[in-house]
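1. Model the structure of this input:
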Amino acid sequence: MTGPSGAPLPVLMRPGEVISLKEAVYRTGKSEKTLRRWCKEAGIGRRSGRSARWEISVLALEAKQYGDEGALEDMRQGLFGSTRVARYSRILGLTS
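-> Residues are numbered from 1 along each chain as shown. This next block holds a predicted model:
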């Protein structure tokens, strides 16, 4: 699912699944620059304005690390009960 600019729409996030950019850096070992790029290009994060802090979906971050575009697409559509998304929920100890 893509938006008007051709970039993927952001994944839908539930409150308990949102982490900060700093937490995402810690969890992945990736640079802030890489994670910001993933947020923009893969839609795994959001921010309310240009200077606002990034909020990142921990589920989408995990799926992105595994290259699981199917799970990311399910999250964009709000299909949190799908087998693909539930897999990451279980790994992370979250309810689906």
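
2. from here on, contacts and neighbour counts on C-alpha atoms
-> OK.

3. So which residues of the chain form helices?
-> Secondary structure of the chain, counting by DSSP state H: helices at 21-28, 32-42, 58-65, 69-76, 83-92.

4. Which stretch among those approaches residue 15 most closely?
-> Proximity to residue 15 (C-alpha to C-alpha) singles out helix 58-65 among the helices of the chain, at 10.6 Å.

5. Could I get the pLDDT score of residue 14?
-> Model confidence at residue 14, given as pLDDT, is 84.

6. List the contacts of residue 13.
-> For residue 13, the contact set (C-alpha atoms under 8 Å, 6 or more residues apart in numbering) comprises 57, 75.

7. Apply 10 Å and report the result again.
-> 44-46, 55-60, 75-76, 78, 80 (C-alpha atoms under 10 Å, 6 or more residues apart in numbering).

8. List the residues that contact residue 43.
-> Per C-alpha under 10 Å, 6+ apart, neighbours of residue 43: 2, 7-12, 36-37, 56-57, 60-61, 64, 72-73, 76.

9. Would you mind checking those for buried ones?
-> Neighbour counting by 16 or more other C-alpha atoms under 10 Å classes 8-12, 36, 56-57, 60-61, 64, 72-73, 76 among the contacts of residue 43 as buried.

10. Tell me the one among these nearest to residue 27.
-> Using C-alpha to C-alpha, these come closest to residue 27 at residue 61, 9.4 Å.

11. separation between the nearest residue to that closest one once chain neighbours are set aside and residue 32?
-> Once flanking residues are discounted, residue 61 sits nearest to residue 44: 6.3 Å by C-alpha to C-alpha, 6 or more residues apart in numbering. Distance of residue 44 to residue 32, given as C-alpha to C-alpha, to the nearest Å: 14 Å.
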